[in-house]
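Chemist: mind folding the following:
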Amino acid sequence: MHFRSIIFCLVLTTMFYSVTGVNAQPLDITFEFQAYPTGLIPGLRIEKGFGDKNAAHLRLAANLFDHRDLGVQDEERGNGFGFTVGYKRYFKSDFKGLSLGLRNDIWFNTVDWVDNSSLGGITGTTKIVVVQPTAELGYLLEFGNNWVFTPALGFGYEINVKTDGVPTGEGAILLLGFSVGKRL
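Modeler: Numbers count the residues shown, from 1 in each chain. Next up, the predicted model:
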């Protein structure tokens, strides 16, 4: 499964550059970090401007989480990897300042869980594939020698599209994050 995911990411990257083209529009390569009430997402992101105010981005990231008792089971914690495909529209034509965007994450997560409702408790592991569409508001600042910093706020929904094991938590998600890196 991992090999197919890597091939899929490479195909997306190729399509990304085909659509956005290689021209005078900016290319940002950044480290991105997001936090949500039950987890952390560090990743690497590539964003390419196109047109007058548009940008598309790809991200490869890790998802580290501890749902505590907020999931289906009494305790849920785990991790996984995934990727993001997204679009944003800047309000200014210089690809700086305020932007609104839509993105979709796909996560391949492993969840270790505990259900304390049975005598002695039951433990197990569930593998899930999660689709997470998200709307995002960001503000890009450029400083120094083409360095960029973007704080962002996102709201989305986690949907478990494939579950191998017992059901685990899904639902609304609020993400607070930032990206920092170089504009080429």
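
Chemist: in the sheet, who's paired with the closest residue to residue 143 other than its chain neighbours?
Modeler: Distances taken as C-beta to C-beta, 6 or more residues apart in numbering put residue 149 closest to residue 143, at 6.9 Å, once the chain neighbours are dropped. All C-beta spots, glycine's among them, are computed from the backbone N, C-alpha and C. Beta-bridge pairing for residue 149 (DSSP bridges): residue 141, residue 180.

Chemist: for residue 149, what are its contacts?
Modeler: 140-141, 143, 178-180 (C-beta atoms under 8 Å, 6 or more residues apart in numbering).

Chemist: the helix or strand encompassing residue 178 - contacts with which helices or strands?
Modeler: Assessed by DSSP states H and E, residue 178 sits inside strand 171-183. Judged by 3 or more C-beta pairs under 8 Å, 6 or more residues apart in numbering; DSSP states H and E, strand 171-183 is in contact with strand 27-36, strand 39-50, strand 122-143, strand 147-164.

Chemist: closest to residue 111 out of those?
Modeler: strand 122-143 (4.7 Å; C-beta to C-beta).

Chemist: got the angle for that closest one vs strand 27-36?
Modeler: Using axes from the mean of the first three to the mean of the last three C-alpha atoms, to 10 degrees, the direction of strand 122-143 lies 140 degrees away from that of strand 27-36.

Chemist: keeping just the C-alphas, turn strand 122-143 into CSV.
Modeler: What follows is strand 122-143, C-alpha atoms only, in CSV (Å, rounded to 0.1, in the frame of the first residue of the first chain):
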residue,chain,number,x,y,z
ILE,A,122,-10.6,-4.4,25.5
THR,A,123,-7.7,-3.1,23.5
GLY,A,124,-7.1,-3.2,19.8
THR,A,125,-5.7,-1.5,16.7
THR,A,126,-7.6,-0.1,13.8
LYS,A,127,-6.2,1.0,10.5
ILE,A,128,-8.1,3.9,8.8
VAL,A,129,-8.0,5.9,5.6
VAL,A,130,-9.3,9.4,6.3
VAL,A,131,-10.4,12.1,3.9
GLN,A,132,-10.3,15.6,5.4
PRO,A,133,-11.7,18.5,3.3
THR,A,134,-10.8,21.8,4.9
ALA,A,135,-11.4,25.5,4.3
GLU,A,136,-8.5,27.7,5.3
LEU,A,137,-7.8,31.4,5.9
GLY,A,138,-4.2,32.5,5.8
TYR,A,139,-2.0,35.6,5.7
LEU,A,140,1.4,35.4,3.9
LEU,A,141,4.2,37.7,5.0
GLU,A,142,7.4,38.0,3.1
PHE,A,143,10.6,39.1,4.9
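
Chemist: contact partners of the strand holding residue 178?
Modeler: Taking C-beta under 8 Å, 6+ apart as the rule, strand 171-183 contacts 26-37, 41, 45, 132, 134, 136, 142, 146-158.
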